[in-house]
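>>> Please work out how this folds:
(one chain, ligands or ions: 1)
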Amino acid sequence: MSDGLEGVIAADTVLSEVDGEAGRLIVRGRSLDQLAGGTSFEQVTRLLWDGFFEHLPDDLAPALGAARLEVFAEVAALDTGLLDRTPIEGMRALTARLADGDDLAVALRLVAAPAVFTAAVVRAQAGEAPLRPDPALSHAADALRMLRGRPPSHAEAAALDTYLVTVSDHGLNASTFAARVIASTRAGLTSSVLGGISALKGPLHGGAPGPIIEMLDGIGTPQNARAWIEAALDRGDRLMGFGHRVYRAEDPRARVLRRTAQELDAPRYEVAKALEDAALAELRARRPDRVLETNVEFWAAIILDFAQVPADITPAMFTCARTAGWAAHIMEQKLTGRLIRPSARYVGPAPRPVRDVPGAAEIIDRDA
Ligand code: ACO
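Numbering: from 1, shown residues only. Reported below is the predicted structural model:
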């Protein structure tokens, strides 16, 4: 048995390769270092979906824009009972309303949904009406416009686009595995994506950027970084944005987003770099046995902050990107995979009389 299925190969995939030893990510044969900054989210989605959907257009941007408009109709169903939930939970509830049907149409709607629904939930929470999508904009620019109520700058839209490309797919991570398990039962694209969203929102997966911004706020200036890190580790806290199940070298996505943050002159770059340096030094000193490097979530938090995405919305933004990868994995599972059904080793008590079960004795006596 492998605790947490570490090192277990559970699927063959042509989608992405995570090389943990070399710190390298390959998406359909292209290195992330080349894709990020050189291709748009729509182009990477097209690349991921190639061969898995019939009638895939060469340019996915108009179809994705049209899908944003289609799903906007569901926003009317947003009920006030959802407004005290987190944005990703509100978005998930609206996504559950989407019907299955033609695979490509459904996949496009599922990729469109997080941007449209998250913006609608966040605006409703602030007492504001939702904004209708603009299909002429890029997905990144429209996501920011719908969220903030005004168009983003070119740099902000480019920052979000680079982020979406960077996190669009990543091997058999927890949420992709969850989506593939559900897909393996033939439950369909929508149910599988809902499973992915549910897995992604946890703090050990896609929920880390919020606490990272809180950490940066707590530190304030670069000089305070080391003392803050030492205190956190002395308390036994895990440092959000550090460590990874697979990488035993730098997470290439962290590298790409750090470079992007520096190029954009992101306001928090300096304090984030000081925090990263202090955290890595302290983790190396305390855990010489374990490689604990910066993971994607750390620099994602800085990029999303630059794009003025509030910290509590970052898991929902992660979903905007990862739905592209999930949809491809779900189709790959459907086309090539078997029902996923592993086994568990039973470590409970040996067989004993049913009378031992609390309440069972009375039921047995009554039925006798
Ligand atoms: N800070 C401090 N110590 C850490 C950290 C961290 N960020 N990460 C791991 N460790 C320690 C653990 O406490 C553990 O110590 P132990 O052996 O004394 O129990 C040891 O390093 C090994 O950690 P594991 O739990 O085996 O690592 P695992 O592979 O299960 O978990 C994970 C990886 C969940 C990412 C972990 O490193 C973590 O919790 N990081 C912080 C949360 C985070 O950044 N999540 C985003 C991940 S990236 C993504 O999902 C897109």
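
>>> Quickly find the element holding residue 55.
In this structure, residue 55 sits in neither a helix nor a strand according to DSSP states H and E.

>>> Enumerate the positions of stretch 172-189 that are buried.
Neighbour-count burial for stretch 172-189, counted by 16 or more other C-beta atoms under 10 Å, picks out 172-184, 188-189. Using the backbone N, CA and C atoms, a C-beta is placed for each residue, glycine as well.

>>> Which residues does that stretch contact?
Residues from elsewhere that reach stretch 172-189, judged by C-beta atoms under 8 Å, 6 or more residues apart in numbering: 5, 10-11, 13, 100, 103, 106-107, 110, 169-170, 191-200, 202, 204-206, 322, 325-327, 329-330, 333-334, 337-340.

>>> again with stretch 261-269
With C-beta under 8 Å, 6+ apart as the test, stretch 261-269 has contacts from 155, 158, 159, 216, 272, 299, 302, 303, 305, 306.

>>> What residues does the stretch 151-300 of the chain have near the ligand?
The stretch 151-300 of the chain comes close to the ligand at residues 204-206, 208, 238-245, 287, 290, 292, 295-297, as judged by C-beta under 6 Å from any ligand atom.

>>> rewinding a little: may I see the ChimeraX selection of the buried members of the contacts of stretch 261-269?
Selection command for ChimeraX covering only the buried members of the contacts of stretch 261-269, criterion 16+ other C-beta under 10 Å:
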select :158,159,216,272,299,302,303,305,306
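
>>> In helices, which of the contacts of stretch 261-269 appear?
Filtering these for membership in helices, criterion DSSP state H, returns 155, 158, 159, 216, 272, 299, 302, 303, 305, 306.

>>> if we take those residues, which one ends up nearest to the ligand?
Closest approach between these and the ligand, by C-beta to the nearest ligand atom: residue 299, at 11.1 Å.

>>> tell me the helices in the stretch 101-250 of the chain, going along the chain?
When secondary structure is read from DSSP state H, counting those that start in this stretch, the stretch 101-250 of the chain shows helices at 103-125, 139-148, 154-166, 174-184, 189-200, 209-219, 225-234.

>>> Can you tell me the SS state at residue 73?
On the three-state scheme (DSSP: H, G, I helix; E, B strand; the rest coil), residue 73 is labelled helix.

>>> From the ligand, how far out is it?
Relative to the ligand, residue 73 is positioned 32 Å away (criterion: C-beta to the nearest ligand atom, to the nearest Å).

>>> Would you mind measuring from the nearest residue to residue 324 once chain neighbours are set aside to the ligand?
By the measure of C-beta to C-beta, 6 or more residues apart in numbering, the closest residue to residue 324 outside its immediate chain neighbours is residue 45, 4.1 Å from it. Distance of residue 45 to the ligand, given as C-beta to the nearest ligand atom: 18 Å.

>>> tally of neighbours for residue 59?
Counted with other C-beta atoms under 10 Å, residues neighbouring residue 59 total 10.

>>> Need the per-residue pLDDT for it.
Per-residue confidence at residue 59 stands at 98 (pLDDT).

>>> Just the closest residue of this protein to the ligand, please.
Checked against the ligand (C-beta to the nearest ligand atom), the nearest residue in the chain is residue 243, 2.2 Å away.

>>> isn't that residue right up against residue 297?
No - under the criterion of C-beta atoms under 8 Å, residue 243 makes no contact with residue 297, lying 10.1 Å away.

>>> Look at the two and report which has more neighbours.
With neighbours defined as other C-beta under 10 Å, residue 243 and residue 297 compare such that residue 297 has more, 29 against 18.

>>> Look up the closest residue to that one, ignoring the ones flanking it.
Counting by C-beta to C-beta, 6+ apart, the nearest residue to residue 297 once its immediate chain neighbours are dropped is residue 208, at 3.8 Å.

>>> Residue 268: how many residues sit nearby?
For residue 268, the tally of surrounding residues (other C-beta under 10 Å) stands at 18.

>>> and what of residue 12?
Other residues lying near residue 12 total 8 when counted by other C-beta under 10 Å.

>>> Repeat that for residue 242.
Other residues within reach of residue 242 by the criterion other C-beta under 10 Å amount to 22.

>>> what's the answer for residue 114, then?
Around residue 114 there are 28 other residues, counting by other C-beta under 10 Å.

>>> if you look at stretch 307-322, does any of it touch the ligand?
No - with C-beta under 6 Å from any ligand atom as the threshold, stretch 307-322 lies outside contact range of the ligand, at a closest distance of 7.4 Å.

>>> ends of stretch 76-85, how far apart?
Taking C-alpha to C-alpha, to the nearest Å as the measure, stretch 76-85 stretches 17 Å from start to finish.

>>> Run through who's touching that stretch.
By C-beta under 8 Å, 6+ apart, the residues outside stretch 76-85 that reach it are 89, 90, 93, 94, 97, 120, 121, 124, 125, 130.

>>> of all those residues, which two lie farthest apart?
97 and 125 (18.6 Å; C-beta to C-beta).
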